[in-house]
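1. what follows is a protein structure lacking sequence information:
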């Protein structure tokens, strides 16, 4: 299950030496391995791709739990942080990535269908952009959004 | 009484080392590749090569036995296939190093993508 909201930027990528590809070696070299040096992708990059891909799915209203959205709102206002990766935690290895996602879904949408679309789109985008294979996309739907939730009450301020 | 400013002409002109020249060549070549936006200083902002002109952020070169240098780049890129972009960056650096006569000293080129930037 996804943990709530704030994004981790821990550097979990394991570096291999520049000549890491061993001909006939046990493990197959991924697209990030090269005999001219290593290619590595920061967690922040994978989280951002996942966040952008998640927002492309119709029916997803917002990403992140209440705390993440409140913090993201403040940090976004002062120019810190990036709301595109809000609500996304990732673990990135040499060849694979795991994504944990917290989302708010529009009321009336099928959550199982949205979850499937999220897994498909996030995996497609991460694999396409980073070359990492996505082994898990764990999704926590922590709220529903109802039409009209965002409308401000039409209060009269002057007589 | 005022102290006269140092005369820049009097300062001896020291040629840059192979390490610094390789770092500059690598970053210039990388930035010329479509999809690369900028260098990135890494989590603590210290991934840089320092010379007389100041820090060149996003690249280091370090001696690799017996007589070469490994180059390490940290980059901000656009959301394009990054594993392919890394290959184009390496090819561009190889070409630039050959042109500058530095190819014999160039060893591994490690590329790390630190952030993505969408262009509107």
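-> Okay, I see it. As the structure is a computational prediction, the values presented were derived from the model and not from experiment.

2. how deep is residue B:66 tucked in, by neighbour count?
-> 5 (other Cβ atoms under 10 Å in any protein chain shown). The way it works is simple: take the backbone N, C-alpha and C, and place the C-beta from them, glycine included.

3. what's it in contact with, if anything?
-> Contacts for residue B:66 (Cβ atoms under 8 Å, 6 or more residues apart in numbering or on different chains) come out as none.

4. and the pLDDT for it?
-> pLDDT for residue B:66: 86.

5. how about residue A:127?
-> pLDDT, residue A:127: 95.

6. which residues touch the closest residue to residue B:103 other than its chain neighbours?
-> The shortest distance from residue B:103 to any non-neighbouring residue, by Cβ to Cβ, 6 or more residues apart in numbering or on different chains, is to residue B:97 (4.5 Å). Residue B:97 makes contacts with B:22, B:25, B:26, B:29, B:103, B:105, B:106, as judged by Cβ under 8 Å, 6+ apart.

7. what do you get if the cut-off is 7 Å, keeping everything else the same?
-> Counting by Cβ atoms under 7 Å, 6 or more residues apart in numbering or on different chains, residue B:97 touches B:22, B:25, B:103, B:106.

8. what helix or strand is the residue in chain B that chain A sits nearest to on?
-> Residue of chain B nearest chain A, by Cβ to the nearest Cβ: residue B:108 (2.8 Å). Using DSSP states H and E, residue B:108 sits within strand B:106-116.

9. helices or strands up against that strand?
-> Judged by 3 or more Cβ pairs under 7 Å, 6 or more residues apart in numbering or on different chains; DSSP states H and E, the packing partners of strand B:106-116 are strand A:39-41, helix A:43-55, strand B:68-77, helix B:82-99.

10. can you give me how far it is from the chain middle?
-> The chain centroid and the centroid of strand B:106-116 are separated by 10 Å under Cα atoms, centre = their mean, to the nearest Å.

11. what are the pairing partners of that strand, and which direction each?
-> Strand pairing for strand B:106-116, determined by DSSP bridges: strand A:39-41 (parallel), strand B:68-77 (parallel).

12. which of these is buried the deepest?
-> Between the strands paired with strand B:106-116, strand A:39-41 has the highest mean count of neighbours, a mean of 26, where neighbours are mean count of other Cβ atoms under 10 Å in any protein chain shown.

13. quick one: mean pLDDT over that one.
-> Strand A:39-41 comes out at a mean pLDDT of 94.

14. hmm, who's touching that strand?
-> Contacts to strand A:39-41, defined as Cβ under 7 Å, 6+ apart, come from residues A:13, A:15, A:32, A:92, A:130, A:132, B:82, B:83, B:86, B:111, B:112, B:113.
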